[in-house]
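In: what's the 3D shape of this:
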Amino acid sequence: MRWIALGAALLGGLGACAVGPTFKRPAPPAAPGYGSAPSQGSTAASSGPGGDAQRFVRGLDIPGQWWTLFRSPALDRLIAQALAANPNVAEAQAALRQAQALYRAERTSFFPSVQGSLSADRSQFATGTLTAPTVTSGATYNLYTPELSLSYAPDVFGGVRRSVEAARAQLAGTRFQLEATYVTLSSNVVVTAVQEGSLRAQIALTERLVAVQHALTETVRRERTLGTASALDLLTQQSAEAQTAATLPPLRKGLGQTRDALTALLGRLPSQEPAETFRLADLTLPHDLPVSLPSQLIEQRPDVRQAEENLHAASAQVGVALAGLLPQFSIDADIGSAALTIGRLFSPYTGFWDLGASLTQTLFDAGALLDRKRAADAALDEAAAQYRAAVILACQNVADSLRALQADADALRANAEADRAAKAAFDLAARQYRLGAISFVQVLNAEQLYRQAELARVQAEANRYADTAALFQALGGGWWNRIEERSK
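Out: Residues are numbered from 1 along each chain as shown. All right, here's what the predicted structure looks like:
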């Protein structure tokens, strides 16, 4: 009994530790900010739509439904529909269910396996050469054998625990993959809606520009008839009108494709285009923008968290591979009954049992186990490099968005000023034309410059909305505040 107790204590002591590296979360970046990219203060302000200053607020939390800050009920409805019906979301949800099932299946490795069997045989033995294997007097007999078999592999070196640890990390990584899908999808819907609003405004302004150019062409044609304009003047104006008109088809194509993209984001076919349409005037520019330090950003970005869990899983797989190099223990037991008739099963003297333990050590496999260990080490190095790349990309995304927002505000201010000056010049030209001081051609030229300035301002305004959405996406999209999803 002392030897049995000693053996049990030895196995228990070995099982208290698991071979392989113990995973430790990588240290967060120590960088205080994002270089020269603005992380506090305010952007420039300008007059007109979308011209309000935006303030960078360090540590400001991000709502789970950050898109509501644009104050567009139509946008809110479409994002809800996209999150419910987009196939990428369904794919990520199915992957999560798969990972949950695989994790539960992996945990069963801690428990013994019990199997039941029932066999029925009819046999005949050679009476002239063999001794009868049964108590029956005939050469032909039936044998019925119900049996329970138990097998158990003690996790002496922690290989099973490392395998379960890897499955748990893979499950967590799949959860973050789903969160990343939510964030990316919602951001894509916002950006696509902004693009639609921008294209609609550009088309309307370009159509007005074409009308102005056509009016100029007709005026030059009449002057050519009167002899006050040359053929070169008419050809030049006709070329200008044609060049302006040529910009309309790409804009209309872009609007159609943008609507197709928005429909696809909702998980629909092109024939199921949503009734909602978007214009920039329907959106409100968020004023307070969150800025997270790099040390906090890696907690917020689902792709970084997924890369961390992949690193965790790779670390655990090293332990699994290392345990494969060590001796394998197993315990087996059988209990059952064997009888010549079903009625005699489990009667006295028909029962049997056996109990045994074994230790197996691979002595030669041409280096397969060692190579698997080396492959696991290389996979760990690969996952570590992928994690570092994910951290760098996350910080780059935030820095790029901050720079873009600052540049967008400056560009909108310059374009708004140009638009204001062009509008004032057009109004002045219209007044002077009514007084007979200038020709109608000069009025049309002034309006053309005004419409072109409006086009540039609309594009600058759309950039602010799109880059604002990009910042929310770069900061992680507030998935940790989406209570209804975290509670599932």
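In: Okay, strands next: where are they in this structure?
Out: Using DSSP state E, the strands found in the chain span residues 41-42, 55-58, 113-124, 140-152, 288-291, 328-337, 351-360.
In: which ones are touching residue 282?
Out: 72, 74-75, 197 (C-beta atoms under 8 Å, 6 or more residues apart in numbering). All C-beta spots, glycine's among them, are computed from the backbone N, C-alpha and C.
In: tell me which residues in stretch 83-98 are buried?
Out: 83, 86, 88-89, 92, 96 (16 or more other C-beta atoms under 10 Å).
In: ok, and what's touching it?
Out: Against stretch 83-98 from outside (C-beta under 8 Å, 6+ apart): 82, 171, 174-175, 177-178, 181-182, 185-186, 265-268.
In: cool, stretch 298-313 as well?
Out: So stretch 298-313 is contacted by 23, 25-26, 28-29, 62, 165-167, 169-170, 172-173, 176-177, 179-180, 183, 292, 297, 380, 383-384, 386-387, 389-391, 393-394, 475-477, 479-480 (C-beta under 8 Å, 6+ apart).
In: quick check, distance from that stretch to the centre of its chain.
Out: Its chain's C-alpha centre and that of stretch 298-313 lie 12 Å apart, by C-alpha atoms, centre = their mean, to the nearest Å.
In: and what of stretch 384-404?
Out: Using C-alpha atoms, centre = their mean, the offset of stretch 384-404 from its chain centre is 15 Å.
In: Next up, phi/psi of the residue in the chain sticking out farthest from the centre, please.
Out: Relative to the C-alpha centroid of the chain, counting by C-alpha atoms, centre = their mean, residue 128 is the outermost residue, at 75.3 Å. With angles defined as degrees, to the nearest 10, residue 128 sits at phi -80, psi -20.
In: Would you check how far apart it and residue 140 are?
Out: Distance from residue 128 to residue 140, counting by C-beta to C-beta, to the nearest Å: 15 Å.
In: Could you do residue 25 as well?
Out: Distance from residue 25 to residue 140, by C-beta to C-beta: 70 Å.
In: Widest-spaced pair of the contacts of stretch 83-98?
Out: Farthest-apart pair in the contacts of stretch 83-98 is 171 and 268; separation 31.2 Å (C-beta to C-beta).
In: which one of the two has more residues nearby?
Out: Neighbours were counted for residue 171 and for residue 268 using other C-beta atoms under 10 Å; residue 171 has more, 20 against 17.
In: ok, that one - contacts?
Out: 96, 99-100, 102-103.
In: List only buried entries from these.
Out: 96, 99, 103.
In: so which of the residues you listed comes closest to residue 329?
Out: residue 103 (24.4 Å).
In: any idea how far residue 305 is from that closest one?
Out: In terms of C-beta to C-beta, residue 103 sits 17 Å off from residue 305.
In: One more: residue 142?
Out: 63 Å.
In: Compare neighbour counts for these two and give me the winner.
Out: residue 305 (22 against 14).
In: List the contacts of residue 414.
Out: So residue 414 contacts nothing (C-beta under 8 Å, 6+ apart).
In: go again using 10 Å as the cut-off
Out: Neighbour list for residue 414: 44, 46, 456-457, 460 [criterion: C-beta atoms under 10 Å, 6 or more residues apart in numbering].
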